[in-house]
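1. got a predicted structure here, sequence first:
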Amino acid sequence: MVTLADSVPNPVRYPPLQGMFEARKRVFVDLLKWDVPVLEGRFEVDQFDDEYAAYLIVACEDGRHAGSARLLKRTRPHILDSLFPELCASPPPSGPDVLEITRFCLGREQSANDRLETRNSLVSALVRFALDNGVTTYTGVAEMGWFQQILAFGWRCWPLGLPRIVDGKMLGALRIDISPDTPALLAANGIYRPAPLERLRFLQAA
Amino acid sequence: MGTFERAEAFLRDVCETSTEVELAEALAIVTRELGFSYFALTHHVDIRRAPQPAIRLHNYPDDWVQYYDDHSLGVSDPVHRASHVTSVGFAWSEIPRMIALTPRDREILARGDAQGIGDGFTIPANVPGETHGSCSFANPAGTALSDDHLPLAQLVGAFAFEAARRLWRVRSPLAMPAPKLTDRQRECILWVARGKSDWEISRILGVEHETVVRHLKLARERYGVAKRTMLAVHALFDGSISFTDILKR
């Protein structure tokens, strides 16, 4: 199942999202050694995790977090402008129909095969979400190994600038253009997993 | 024209190709424009024995290719091996710092040099569940490499490999999905990969010896292989198990 959560005032304090913040800590801090803040030794959370962020979450059969991605509006502060402006040769695409994909996270507890399935579901959900919400372009920053994988999904990608070494890692910025034929492009690579998006109704704590 | 605009023009040429010949021609032009002499875009397999259609485009001298294939260097080439330990492009002069070289490796590198192939850049292209590959650009022997070209070569290499994947996919429709293993079969294969016998695995998992034998027999049948080593290799290759799974304790 894939869940969409958005407009949550303080995401890290919202119990249905906490499994995701814990998984992000295990992946980005423990495994990839990113230098990002950790809250209470459990949650990886930064200044972009606020009510303007949207989250797509793939759950295991038992409901636990399997994979997730965070979407930032490009009309708000976001990672490409705030942290990596040097990765873009010219001002990156912007506007209400452009979103930035960040914190693409695949839980470590899964076998390699399950992780690929989770990845496929998450990529498919990103495309579904874009088509349902009038999003025409995603932007993102990726390390080169992951960059090659993103290209291999078969959707339309284009670099936003030359890759650069940042803190010892070679990073590249790219745009992904989404159109009605994108699901077919993913399907041709065997990775399209159509599934409805369940919208998480945020309930204000009493 | 700025460096990135040049890169974009190359990428457009590479992405618009619709045949292998066109892609090879586009790569030859990019290679020349970047100031290199040679390129090679390839899957890391023994090209004469590869079971699946494998990618290989290059403009290396014929004698070198003949020698390379006669000695099945596709799988043991030190350049290829080095590209399996990184996801970022590297200069060949860095290889001794990346992997341990045997006397035979040094001989291969020297032989390439004698054929007129000097230093080069290799951009790894590793897609999960598929054979490792890479895209290389090389200078004639005796010509120094400029690090300034690495970001551009990185980008062109990444898109060129993807363009090649797209062309080859058209030629060979999507490979069969990996056979689905049960959790128990997967667990048994992990212990096979760690060198345990069926009896040892039965002790570790706390099940009957016969049960382990049956799990592994069914798993071998799913992959159509007869030997347990091949079973472990296939399961690793398609991602049913990972190196991390095997090595962690």
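-> That came in fine, so what should we check first?
2. and the next helix or strand past the helix or strand bottoming out on mean pLDDT in chain A?
-> Sorted by mean pLDDT, DSSP states H and E, the helices and strands of chain A end with helix A:79-82, the least confident at a mean of 81. Toward the C-terminus, helix A:79-82 is succeeded by strand A:98-106 as the next helix or strand (DSSP states H and E).
3. and that next one, what's its mean pLDDT?
-> Rounded to a whole number, the mean pLDDT of strand A:98-106 is 95.
4. near chain B, anything from the next helix or strand after that strand?
-> The first helix or strand that comes after strand A:98-106 along the chain, using DSSP H and E, is helix A:112-132. Yes - Helix A:112-132 reaches chain B (CB under 8 Å from any CB of the partner chain) through A:112, A:113, A:116. Placement of C-beta: from N, CA and C, glycine included.
5. and which of those is nearest to chain B?
-> Of all these, residue A:112 has the smallest distance to chain B: 3.7 Å, by CB to the nearest CB.
6. chain neighbours aside, what residue packs nearest to the closest one?
-> residue B:242 (3.7 Å; CB to CB, 6 or more residues apart in numbering or on different chains).
7. the one you found contacts residue A:111, correct?
-> Yes - using CB atoms under 8 Å, residue B:242 is in contact with residue A:111, at 7.3 Å.
8. for chain B, what lies in contact range of chain A?
-> So far as CB under 8 Å from any CB goes, chain B lies against chain A at B:2-5, B:7-8, B:11, B:87-89, B:124-129, B:151-152, B:154-155, B:158-159, B:161-162, B:165-166, B:169, B:174, B:177-178, B:186, B:238-242, B:244-245.
9. what's around whichever residue of chain A sits closest to chain B, how many residues?
-> For chain A and chain B, the shortest gap (CB to the nearest CB) falls at residue A:145, measuring 2.7 Å. By the criterion of other CB atoms under 10 Å in any protein chain shown, residue A:145 has 16 neighbours.
10. equivalent analysis for the one 10 residues further on, please.
-> Residue A:155 sits with 22 neighbouring residues when counted by other CB under 10 Å.
11. same question for residue B:143.
-> Residue B:143, neighbours per other CB under 10 Å, totals 13.
12. OK, contacts around it?
-> B:118, B:119 (CB atoms under 8 Å, 6 or more residues apart in numbering or on different chains).
13. that one should be in a helix, yeah?
-> No - read with DSSP: H, G, I helix; E, B strand; the rest coil, residue B:143 is coil and lies in no helix.
14. output the below-cut-off pLDDT ranges for the chain.
-> The chain I'm using is chain A. Along chain A, the parts satisfying pLDDT under 70 run over A:202-206.
15. meant chain B, my bad for not saying
-> Low-confidence segments of chain B (pLDDT under 70): B:1, B:46-53, B:170-179, B:249.
16. mind listing the helices for it?
-> B:3-15, B:20-33, B:62-70, B:78-83, B:95-98, B:103-114, B:150-171, B:183-193, B:198-205, B:209-223, B:228-237, B:243-247 (DSSP state H).
17. let me know how buried residue B:245 is, in neighbour terms.
-> Number of residues near residue B:245 (other CB under 10 Å) recorded here: 18.
18. single out the residue in chain B that lies closest to chain A.
-> Counting by CB to the nearest CB, chain B gets nearest to chain A through residue B:87 (2.7 Å).
19. tell me the contacts of the closest residue to that residue other than its chain neighbours?
-> Nearest residue to residue B:87, sequence neighbours excluded (CB to CB, 6+ apart): residue A:145, at 2.7 Å. With contacts defined as CB under 8 Å, 6+ apart, the neighbours of residue A:145 are B:87, B:88, B:124, B:126.
20. quick one: the second one and residue A:170 touch, right?
-> Yes - applying CB under 8 Å, one finds residue B:88 in contact with residue A:170, separated by 4.5 Å.
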